[in-house]
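Undergrad: Build me a structure from this.
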Amino acid sequence: KELEVSPQFFPNSVMANPFGASEREEVQRTIKAVLGTFTTQYTKHYALALVKKKEKDAVKPPKHLKLDKRPKPTDDLKSGYLTKEGGVRKNWKKRWFVVKHDYNVEYWVDDKASQKPKAKPKGNMGLCGYYVTEDLGNALINRLKSLAEKMTMDVSALPQPKKYSELTFEVYHYRRRSYYIEAATKEEKDEWVEMFKTACRYAYGLRDQEKVHVRGFWKAMEATRWHLGRWGYSSYGGSEEQVLSDLISDEIDWTVMGRVWSRMSGPWIIRSTIRNTILKTIDSMVMGAVTPGWKGMSSAVAEIRPKIEPVIGELVEPLGKVKFDILEKMKEGALSIINPLLDEHVTPHLSKIIEIITSPMREGFEVSLNLWEEQLNKYSEQFDATNPEKGFKDFLWYPRSWWNMRGAYDKLDCMYDPLWLLREIFSDIYPWGLIWTGRDHLSGTMDNAFYTFENHLKKNLEENSSAGKEAVEAARSEALAKYKHDITWLTSDYYMKILKVIIMPPFNKLVIPACKAILEPLQSIIPDTMKDFIDLYDMFDQLINGIIEGAIKNVLGGSD
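TA: Predicted coordinates for the structure are as follows:
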């Protein structure tokens, strides 16, 4: 379905059709090119993910953490009434919202409707790839300015954005439907905003959650973006088709649409109508290619996996030997290029970044540990030997509540401004993403500490049912020792992960092109039977990863 813009949009030849045959052809070429690149990369990285799986299965990884890991809960995470703006009519209606255990959000006419057997909700919100906007006024104005720039218009010529109450927040996606939701009070808004942020962060988009597919898909996404010259991390989310569509649409936007928008003229109402028509047409063109394309890719790898998996199993040991030889040759040629770039672009900034993230994370863990002990004190005071599991449900939900954890979380929020300033050097930094990773460490570790206490207590009481509060104190002592051990390890792990997230994208952008002439000749020493199962650039990425880790450890060692 291609765009046929009606002549009524161009009265008296005020403006030539900005999206003519040549632009449509260019869009089609872009769709075909990106989809073709991704198809090649997905097939390749799916096979490489199978190799990774076989290699991992052959080696038992070291166990660093001592706390027991709590299984994922299956109960609803949060429910309550909110008022939602309609997607079509834009009228406001009160709805009963339920955040499910898998972070999918349902909304119902009322709470009674949600309890009826086999009833279906009024709507579902799959929030992978979304984010929450609290300050709607500034966000809408900034988007208006960005749109005016794209359309080469003065922002004053555009209609003013709709005004919302201070109790309204937005669940936003730049291509899909956005949701406008109003709470009854400021406190309710704060709680629901944090819940929706959590749902956006943890909602799982890919329909196929099998580990080989997940690794192969995201590696193929990364490789496709790099092939297109789009370096750094991406924040795509959704189903496989949605992610691919967003990738292709972004490429069309970067390569084609700037020229289209710049050729538009006339009043906003005309430009807006034409723009919306063009975007709908492009979305239709993209999905028309992606849907059958992804179906074909998925079927192809499903068919080929049973054939190549036994072959990979036999090749794991010889693959390891060939990879070792290649890695040694890679080091010989590349280190003389990598080390000077490391000294110039990475090492001078490491101490500053570590200074920003060190104290907040340690203080956050200190607060969370104190909160954990406070909850155990309350449990101990109210301990009922006839029903020792009374209170366990409070343990389950305590670290999942932003309100409960806010004292620990607040310690991390101070990292935002200094991390944002580092974007002048490391342009891919997303401060809130780094802060949320820290929050995950705080809440997840506390959750596991509660679960470990529960397990020790049950075991102690099984061994001596009359132990009473002695069993509680023994379980607390055992869980506390493991909690402190895990805090020490996870703090260092957080520093390492955050530093790599900040440093790796811009460093790769420098190093990979500089070392390309060294890497490509190494392809010739890979035996033909192994060419589909060895990725030189993945190996090079591991080499860079190891070098960066070494540099970070050197600086961290000096900062302790």
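
Undergrad: alpha carbons only for contacts and neighbour counts from here, please
TA: Will do.

Undergrad: Compute the number of surrounding residues for the nearest residue to Asp208 once chain neighbours are set aside.
TA: The spatially closest residue to Asp208, leaving aside those adjacent along the chain, is Val214, at 7.4 Å (C-alpha to C-alpha, 6 or more residues apart in numbering). Neighbours of Val214 under the rule other C-alpha atoms under 10 Å: 17.

Undergrad: Quick one: list the elements packing against the strand or helix carrying Val214.
TA: In this structure, Val214 sits in helix 211-227 according to DSSP states H and E. In terms of contacts (3 or more C-alpha pairs under 8 Å, 6 or more residues apart in numbering; DSSP states H and E), helix 211-227 is packed against helix 21-58.

Undergrad: what ranges of the chain fall below the confidence cut-off?
TA: For the chain, the stretches with pLDDT under 70 are 1-16, 232-233, 558-560.

Undergrad: Now with 50, please.
TA: 1-14, 560 (pLDDT under 50).

Undergrad: And the strands in it?
TA: Applying DSSP state E to the chain gives strands spanning 78-85, 92-99, 105-108, 123-125, 131-133, 168-172, 179-182.

Undergrad: okay, those strands in CSV with mean neighbour count and distance to Tyr42 next?
TA: Below are the strands of the chain laid out as CSV (neighbours: other C-alpha atoms under 10 Å; distance: least, C-alpha to C-alpha, whole Å):
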stretch, mean neighbour count, distance to Tyr42
strand 78-85, 18, 37
strand 92-99, 19, 33
strand 105-108, 22, 30
strand 123-125, 15, 28
strand 131-133, 20, 27
strand 168-172, 21, 29
strand 179-182, 21, 33
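
Undergrad: Which one, of those, ends up nearest to Gly205?
TA: strand 123-125 (11.3 Å; C-alpha to C-alpha).

Undergrad: related to what we said a few turns ago, could you dump the strands of the chain into TSV and include distance to Val59?
TA: Below are the strands of the chain laid out as TSV (distance: least, C-alpha to C-alpha, whole Å):
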stretch	distance to Val59
strand 78-85	40
strand 92-99	38
strand 105-108	39
strand 123-125	40
strand 131-133	38
strand 168-172	43
strand 179-182	46
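
Undergrad: do you know which of the ones you listed lies nearest Asp535?
TA: With C-alpha to C-alpha, the closest approach to Asp535 among the strands of the chain belongs to strand 131-133: 34.2 Å.

Undergrad: what's the closest one packed up against?
TA: Using 3+ C-alpha pairs under 8 Å, 6+ apart, strand 131-133 sits against strand 168-172, helix 186-202.

Undergrad: before we move on, the earlier item: of the strands of the chain, which is nearest Gln41?
TA: strand 131-133 (28.4 Å).

Undergrad: Give me the sheet partners of the closest one and which way each runs.
TA: Sheet pairing for strand 131-133, assigned by DSSP bridges, gives strand 168-172 (antiparallel).

Undergrad: For the strand it pairs with, which outside residues touch it?
TA: Residues outside strand 168-172 that contact it (C-alpha atoms under 8 Å, 6 or more residues apart in numbering): 130-136, 178-183, 189, 193, 196.

Undergrad: please redo it, this time with the cut-off set to 7 Å
TA: Tyr130, Tyr131, Val132, Thr133, Glu134, Leu136, Ser178, Tyr179, Tyr180, Ile181, Glu182, Ala183 (C-alpha atoms under 7 Å, 6 or more residues apart in numbering).

Undergrad: ok, so what distance separates the first one from Asp76?
TA: Yep, that's Tyr130 we're talking about. 20 Å (C-alpha to C-alpha, to the nearest Å).

Undergrad: Then the fifth one?
TA: Per C-alpha to C-alpha, Glu134 is found 24 Å from Asp76.

Undergrad: So the two - more neighbours on which side?
TA: Neighbour count, other C-alpha under 10 Å: between Glu134 and Asp76, Glu134 has more, with 17 against 14.

Undergrad: Not counting sequence-adjacent ones, nearest residue to the more buried one?
TA: Using C-alpha to C-alpha, 6+ apart, the closest residue to Glu134 is Phe169 (4.9 Å).
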